[in-house]
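[1] Return atomic coordinates for the entry below.
(chains A, B, C and D)
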Protein chains: 2
Amino acid sequence: MTEKQEKILNAALELFAEEGFRNTSTSKVAKRAGVSEGLIFRHFENKDGLLEAIVREGEERAKHLFADIVLETDPKEVLRKTFNMGEKLNKSPETANFWKLQYKIKWELEDYMGHKLEPLERALESAFSKLNYPNPELEARFVLTTMDGFATRFYLDKGFDLESGMEFLRSKYGL
Amino acid sequence: MTEKQEKILNAALELFAEEGFRNTSTSKVAKRAGVSEGLIFRHFENKDGLLEAIVREGEERAKHLFADIVLETDPKEVLRKTFNMGEKLNKSPETANFWKLQYKIKWELEDYMGHKLEPLERALESAFSKLNYPNPELEARFVLTTMDGFATRFYLDKGFDLESGMEFLRSKYGL
DNA sequence: TACATTTGTAAGTGATTACTCACTTTTGTG
DNA sequence: CACAAAAGTGAGTAATCACTTACAAATGTA
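    Next up is the predicted model:
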């Protein structure tokens, strides 16, 4: 990816997260990226092409985020690491903005993008199975959906403390 | 509210839920409502005025939805009724669409709209307190955020079974 | 009936939209 | 160096946007 391509993508990322995809014009993106508007279409073909690139990067970063967890064999450690993901989503303003956008995009695309979470869901399933939970599959889905709820609220409600939510989850699962 | 006003509001509701607020033009709304475009502005002043009306109706309907719960004194019954709300959100296609839009709007307004849930949150808090949970406040927030997560997933993921999620919650809380 | 108010319409408005095109500049390669 | 391909520009384009305005129809009220 060339320098200008990255500038375009980062500008799009920021603006889409701030104002939404449909509400952000390609001319705004070009202006923030410091390039001509035409260049966006040369590199990404469409405005939709910009979104696709962002979605793809979301999948990449999600994989990277889960890599450590899915390789873990100790079930308690799987849970602990899962509940520590909250911090990772919030390391830098750029990171926070990136994941906020991923949540926001779901509603503009009307797509849950569940396949991104599948490896993590299976890791949790296996962990709960080892811990003899009666319904590992439901338990795993429950954990992920709950964490989704916490994250959603975190991004929309300024006053919400994500870490206390995660701490609560840890205590629920005896960690 | 006159007949045409309601037609406009219902058309807007449908279209905003389908395509999003920013992506729905006032001309589309007028066409679906079967009125002239100018009438929208006569009755609602702005395109934003349309949204405001929808948000207000969301608050009304939420109040109505919670009315039964906040008056309940038996804590177990409070929880049971809360976990039964899933069905209510899904009674008719119109209802489902309405609540889906309420969730979707949050992201376009970047507002969690938490005050809508406050009475319910306090009812849950009181219930958990009566049931001697160690941290009723956190527990109540946890339940609501989790249900939010379930609802979000329900609206975005066609294959997701909301009722099994609610059943899981019931079993978690011994109901 | 008379007449003022409200409700409704149709044809505009300038601004903005995603996208194209003709063109120049930069870069890679023999 | 020569020269083709890729990167980049900026001024266009038609379509669509939210909104206005001038006017007509319906309605309430005396």
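[2] Check the spacing between A:Ala111 and A:Leu13 real quick.
    Careful, residue A:111 is Asp and not Ala. 18 Å (CB to CB, to the nearest Å). Every C-beta, even on glycine, is put in place using the N, C-alpha and C of the backbone.
[3] more neighbours, the two?
    Set side by side, A:Asp111 and A:Leu13 show more neighbours around A:Leu13, with 19 against 14, by other CB atoms under 10 Å in any protein chain shown.
[4] Spit out the contact partners of the more buried one.
    A:54, A:97-98, A:101 (CB atoms under 8 Å, 6 or more residues apart in numbering or on different chains).
[5] In which helix or strand does it reside?
    helix A:3-19 (DSSP states H and E).
[6] Can you give me the buried ones in that helix?
    Residues A:4-5, A:7-9, A:11-17 are the ones in helix A:3-19 that count as buried (16 or more other CB atoms under 10 Å in any protein chain shown).
[7] Next, A:Leu89: phi, psi?
    With angles defined as degrees, to the nearest 10, A:Leu89 sits at phi -70, psi -10.
[8] buried ones in stretch A:129-144?
    A:133, A:136, A:138-144.
[9] Stretch A:44-64 now?
    Neighbour-count burial for stretch A:44-64 [16+ other CB under 10 Å]: A:44, A:47, A:50-51, A:53-55, A:58, A:61-62.
[10] what's the farthest-apart pair in these?
    A:Lys47 and A:Ala62 (23.4 Å; CB to CB).
[11] thinking again about what came up before, would TSV of the buried residues of stretch A:44-64 with distance to B:Lys28 be doable?
    Formatted as TSV, those follow (distance: CB to CB, whole Å):
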residue	distance to B:Lys28
A:Phe44	27
A:Lys47	19
A:Leu50	24
A:Leu51	22
A:Ala53	29
A:Ile54	27
A:Val55	26
A:Gly58	30
A:Arg61	36
A:Ala62	35
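[12] Around A:Gly38, count how many other residues there are.
    For A:Gly38, using other CB under 10 Å, the count is 10.
[13] Quick one: residues contacting the nearest residue to A:Phe142 once chain neighbours are set aside.
    Leaving aside its sequence neighbours, A:Phe142 sits nearest to B:Phe168 (CB to CB, 6 or more residues apart in numbering or on different chains; 5.7 Å). When contacts are counted by CB under 8 Å, 6+ apart, B:Phe168 touches A:135, A:138, A:142.
[14] Repeat the analysis, applying 10 Å as the threshold.
    By CB atoms under 10 Å, 6 or more residues apart in numbering or on different chains, the contact set of B:Phe168 is A:135, A:138-139, A:141-142, A:145, B:83, B:146, B:150.
[15] still on that earlier bit, tell me the one of the buried residues of stretch A:44-64 nearest DNA strand C?
    Set against DNA strand C, the nearest of the buried residues of stretch A:44-64 by CB to the nearest atom of the strand is A:Lys47 (3.4 Å).
[16] Much appreciated, bye for now.
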